[in-house]
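[1] structural data only, the sequence is not supplied:
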């Protein structure tokens, strides 16, 4: 009987460590951005924690670029892009803990 109690207690202790709280998601350090439109993206900005990073030159159609993100504490960034055909893209809450790729489309 004592053997069963000791065994059950040991299994409960092991199980409690296995079911520990999930670790906090880690935000991406960079975003891979693809321009899937037929016109270049003339202005592309990503904002996080009050800081904004931009591309230095227009992103050609069907081209990719990697944009380094500022040091972040959370997972949400805002992404804005504008194009010469007067179109624009606005994403206010993009989760970089879940995905680090952005595809700009019509």
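    Sure, I can see it. As the structure is a prediction and not an experimental result, all values here were calculated from the model.
[2] tell me the secondary structure for residue 26?
    When classified by DSSP: H, G, I helix; E, B strand; the rest coil, residue 26 comes out as coil.
[3] find the nearest non-adjacent residue to it, please.
    residue 97 (6.7 Å; C-beta to C-beta, 6 or more residues apart in numbering). From N, CA and C alone the C-beta is placed, and that goes for glycine too.
[4] hmm, the one you found is touching residue 23, no?
    No - assessed by C-beta atoms under 8 Å, residue 97 is found out of contact with residue 23, at 11.3 Å.
[5] one step back: tell me which helix or strand the residue nearest to residue 26 sits in.
    For residue 97, there is no helix or strand it lies in under DSSP states H and E.
[6] how about residue 79?
    Secondary structure (DSSP H and E) places residue 79 in strand 76-82.
[7] quick one: contacts for the residue nearest to residue 26?
    By C-beta atoms under 8 Å, 6 or more residues apart in numbering, residue 97 lies in contact with 25, 26, 27, 28, 75.
[8] so, low pLDDT: which residues of this protein?
    Along the chain, segments meeting pLDDT under 70 span 1-22.
[9] run the last query once more with 90
    1-28, 48-50, 70-74, 106 (pLDDT under 90).
[10] in it, mark out all the strands, start to finish.
    Counting by DSSP state E, the chain has these strands, from start to end: 30-35, 43-48, 51-54, 64-68, 76-82, 88-95, 101-104.
[11] how about those in TSV, adding mean neighbour count?
    Formatted as TSV, those follow (neighbours: other C-beta atoms under 10 Å):
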stretch	mean neighbour count
strand 30-35	18
strand 43-48	20
strand 51-54	13
strand 64-68	13
strand 76-82	18
strand 88-95	12
strand 101-104	16
